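Colleague: Quick one, structure for this:
(3 chains)
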Amino acid sequence: MAQLAQVIVDVPTMQTNQPYTYQVPPRLENQVQLGMRVIVPFGNGKRQVQGFVVGLDQPTKYDGQLKAISALMDLQPVINGELLRLSKWLADRTYAFWISSIYTMLPNMLKAKSTRIVRIIDEVDEQTVFDIFHGKDELDFVTVQSNPQIVSRLLKLQRQKKVRFEYVIADQAKPKTTVGIRPQLDFEGLEEARTSLHPNAHAQNRLLSYLQSIVGKTVKQTDAEKVSGLKAVTFNVGVQKGWLAKVPVEVYRTPHSQENLPDDEHLSKPLELNDEQQVAVNKIDQAIDDSQSQVFLLEGVTGSGKTEVYLQSIARALQNHKTALMLVPEISLTAQIVNRVRRRFGSKVAVLHSGLSNGERFDEWRRIERGEAKVVVGARSAIFAPLKDLGIIILDEEHESSYKQDESPRYHAREVAKWRGKYNNAPVVLGSATPSLESRARAMKGVYQLLLLKHRVNKQPLPPIQVVDMRPEIKERGESNFSRELLVKLTDRLARNEQSILMLNRRGFSSFMMCRDCGEVLKCPNCDISLTLHLDSHTMKCHYCGHEEPIPRYCPNCGSREIRYYGTGTEKVEQELSHLIPNARIIRMDVDTTRRKGMHEKLLRQFGQHQADILLGTQMIAKGLDFPNVTLVGVLNADTGLGLPDFRSSERTFDLLSQVSGRAGRADKKGEVIIQTYNPDHYAIRLAQQNDYEAFFKQEMALRHQASYPPYYFTIRIMASHEEEAVAARAMTKIKQELVDNLMPSTIILGPTPRAIARMKRRYYYQIVIKYKQDQRLHSTLQRILQETQSKRRADVQISIDPDPQYFM
DNA sequence: AGCACGCCGACT
DNA sequence: GTCGGCGTGCTC
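Modeller: Predicted coordinates for the structure are as follows:
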């Protein structure tokens, strides 16, 4: 039996990022298992913290007195063996704390709330009891923490041993329960009760019959009422007479859309496949059958039926008594795709996305963990779903940068997918119309197997794309977001009662207030970034720290009234559009109109029901939408992303234009696309117009090769920040030297340079970018740099490391 | 993170 | 003398 347990404690710092060894007290000896949560004493005070058991009976070098585990929080492990190993790998790879990577894999509810309580243990004068403790004998320390006077009075009382600081670790993971009905007598006993009933007591008689039908079971009272047709009062009588007991029964918190799941007999049938789809499915099925951890790149144009390939592969995995995981980018995780999976696989499906409450997420997680759900559809973090016996992992739109988490642990879901594929001997399918250059290059080298879908299922040609050069337009007609061609086509659609989608590319866009007299730009006081105007709330907001202030009437610098708004926001475009085409009904979709929960879906539903003629939005409308009545798609400004200092800007522009073009003419009606741009000759725009991914891939690869960027090199970014610019810069110079001294000559080290947004949340940021092919000493060098800089509080410089960064600003 | 310990200036 | 400021080191 286990005597010792290795525990990772919930103290996310560099110095505590290691397992601590605890004794297993005799009363817990047969219960402690790997992956369980425990409460352990930690530190010299009476501090208690939550921790995770990551090892049992491993030898320890520590020669001090071992402490004992205080309590077990779980009866069953919350992390299985696979995920425990994965969490360690993830922490190492992303330079994150082990505890942080454990928490990212679990629903928030499994993170215990730790509270500090101050308790009176000896006579304290009445005034103090009244003032601070409000007449009670204990106090939540958090409520007074920020008041130094109270804190010092409490510390004084502690020294006098009149009060004690205690720790309470409260588990938040509470399953939701409802009232259940449970018969308290057996069949005969209930029959016996019937004999003493008044002849007019029909309801009670019926209750007895009903109870006889559920002897030994527990039924939710709401269900019992429905089935028996009896009222709540009758059940209460039953309780009084001792026939039944009300007991809590566990229920799952399920989001509303899940209520009307198809029952398993009425699932939708698989669709007929074309030859290309059949080839793809056969290859994937073979890998599933052979338990091969092969990675496939499923490259298929919009409408080529990738989803059907996914669904049939999932079905194959289920046939083999395995489970399936399908990731979809958050923004395209719409009801459309979720319902399609649900109609095929019914109640076996669990869905994980950011819209769920903590309770709902926890319950979906438990359905998966218990094996009740065999298919998981979800956004990035669903890659950690506790499915056992994975038979297939699918990443739809694999090129999407949202698969990379932009906070610690900075993991890429694609890398995690490959790890789990290998661990489970399961194939991984990466699907995209415009694969990332990294994936496509691997497919060319044979690391991945390329599966091509060149033809659209409905055999319709892709909509024609027209590129409009905005430069002469502006010269002739002055500043406008709309070219004549686009206006003519919009009006034409309106007359034909067809719909249009307009996309405003906001990537890299700054919309700001500037003084025409002195050139002053209104900036955030905390960050080195201009404030953005929000017409709906009539404020200026900082998109980074959330700072908010009223719209100025006078220039804060020179006092001039000539302070004006520059840049293009959706609101301004909407105003111009409603002026140009007054009778068009417009729905605007951007961060502001969709911030409230459910607004995204609501607006799309309204548009789908043709309550508007034009859907105007930002990038969020480019993905996955499928409206048969849309015959025109316009991109107002195709090139704003091209000027960014980021080697992926062309790739992103090409993706975006390809994606948004796919939104036109989805059904039998012919569609067309208009792209407005100031760079009509740019290869990303020209090749997107020609739908030529292949040519784009070749040209972009040549550029990446020439500039030593991925996929020819790996990249890693180091960031340092400090309140004082010089301190951050100095720390980085030192780090650079250490890198130069230790890394291979073939490794390229760029910087340090101030970041594009050099100041954020009152801190200055510097970065170094490393480009390398392979470098044995890179990992250990970075690890050492982290240790050295973070262990001592070296002037509070914060260092973070981002492997394979998606953005370089 | 939290907490103790230890060293310094300012005060009942 | 003692209180409390913060810099430093440690947590099985």
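Colleague: drop to CA atoms for contacts and neighbour counts, all remaining ones
Modeller: Noted.
Colleague: What residue in chain A comes nearest to DNA strand B?
Modeller: When C-alpha to the nearest atom of the strand is the measure, chain A has its nearest residue to DNA strand B at A:Gly45, with 4.5 Å between them.
Colleague: Report the secondary structure state of that residue.
Modeller: Applying DSSP: H, G, I helix; E, B strand; the rest coil to A:Gly45 yields a three-state assignment of coil.
Colleague: Restrict stretch A:395-402 to CA atoms and write it as CSV.
Modeller: The C-alpha coordinates for stretch A:395-402 follow below in CSV (Å, rounded to 0.1, in the frame of the first residue of the first chain):
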residue,chain,number,x,y,z
LEU,A,395,-9.1,19.1,-36.5
ASP,A,396,-11.3,21.0,-38.9
GLU,A,397,-9.9,24.2,-40.3
GLU,A,398,-6.5,23.1,-39.1
HIS,A,399,-4.8,26.3,-40.3
GLU,A,400,-6.8,28.5,-37.8
SER,A,401,-4.6,30.4,-35.5
SER,A,402,-7.2,30.1,-32.7
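Colleague: mean confidence score for that stretch?
Modeller: For stretch A:395-402, the mean per-residue pLDDT is 95.
Colleague: cool, and stretch A:454-467?
Modeller: Mean pLDDT, taken over the full extent of stretch A:454-467, equals 88.
Colleague: Same question for stretch A:24-35.
Modeller: pLDDT averaged over stretch A:24-35 gives 95.
Colleague: Say whether DNA strand C is contacted by it.
Modeller: No: no part of stretch A:24-35 sits near DNA strand C under the criterion C-alpha under 7 Å from any atom of the strand; the closest distance found is 9.8 Å.
Colleague: residues in contact with that stretch?
Modeller: Residues outside stretch A:24-35 that contact it (C-alpha atoms under 8 Å, 6 or more residues apart in numbering) are A:1-5, A:52-56, A:68-69, A:72, A:75-81, A:84.
Colleague: which of those are buried?
Modeller: Among these, those buried by neighbour count (16 or more other C-alpha atoms under 10 Å) are A:2-5, A:52-56, A:68-69, A:72, A:77-80, A:84.
Colleague: In the stretch 601-750 of chain A, what residue comes closest to DNA strand C?
Modeller: For the stretch 601-750 of chain A, the residue closest to DNA strand C is A:Glu723, as judged by C-alpha to the nearest atom of the strand, at 14.1 Å.
Colleague: Dump the C-alpha coordinates for whichever helix or strand A:Leu687 is part of into PDB.
Modeller: When elements are defined using DSSP states H and E, A:Leu687 is found to belong to helix A:683-689. Taking only C-alpha atoms (Å, rounded to 0.1, in the frame of the first residue of the first chain), the coordinates of helix A:683-689 have been written out as PDB:
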ATOM      1  CA  TYR A 683       0.000  37.700 -55.000                       C
ATOM      2  CA  ALA A 684      -2.200  36.800 -52.000                       C
ATOM      3  CA  ILE A 685      -5.100  38.700 -53.400                       C
ATOM      4  CA  ARG A 686      -4.500  37.700 -57.100                       C
ATOM      5  CA  LEU A 687      -4.200  34.000 -56.200                       C
ATOM      6  CA  ALA A 688      -7.200  34.000 -53.900                       C
ATOM      7  CA  GLN A 689      -9.100  35.500 -56.800                       C
END
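Colleague: Can you identify the element that follows that helix toward the C-terminus?
Modeller: Proceeding C-terminally, helix A:683-689 gives way to helix A:693-706 as the next helix or strand, assigned by DSSP H and E.
Colleague: Do the helix or strand following that following helix and DNA strand B come into contact?
Modeller: Moving toward the C-terminus from helix A:693-706, the next helix or strand (DSSP H and E) is strand A:714-722. No: judged by C-alpha under 7 Å from any atom of the strand, strand A:714-722 makes no contact with DNA strand B; its nearest approach is 14.3 Å.
Colleague: Strand A:714-722 pairs with which strands?
Modeller: According to DSSP bridges, strand A:714-722 has the following sheet partners: strand A:763-772 (antiparallel), strand A:798-803 (antiparallel).
Colleague: chain center to the first one, what's the gap?
Modeller: Average the C-alpha atoms of strand A:763-772, do the same for its chain, and the two points are 25 Å apart (C-alpha atoms, centre = their mean, to the nearest Å).
Colleague: got a list of contacts for it?
Modeller: Applying C-alpha under 8 Å, 6+ apart, the contact partners of strand A:763-772 are A:526-527, A:708-709, A:713-725, A:728-729, A:732, A:736, A:746-755, A:757-759.
Colleague: coming back round to it: and among the strands paired with strand A:714-722, the most buried is which?
Modeller: Burial of these is given as mean neighbour count (mean count of other C-alpha atoms under 10 Å); strand A:763-772 ranks first at a mean of 23.
Colleague: Quick check: buried residues in the helix or strand following that one?
Modeller: On the C-terminal side of strand A:763-772, the nearest following helix or strand under DSSP H and E is helix A:778-791. By neighbour count with 16+ other C-alpha under 10 Å, helix A:778-791 contains the buried residues A:Leu778, A:Thr781, A:Leu782, A:Ile785, A:Leu786, A:Thr789, A:Gln790.
Colleague: Only the buried residues of the longest strand seen in chain A, if you could.
Modeller: In terms of residue count, the longest strand belonging to chain A (DSSP state E) is strand A:748-760. Of the residues in strand A:748-760, those buried under the neighbour-count criterion (16+ other C-alpha under 10 Å) are A:Ile748, A:Ile749, A:Pro752, A:Thr753, A:Pro754, A:Arg755, A:Ala758, A:Arg759, A:Met760.
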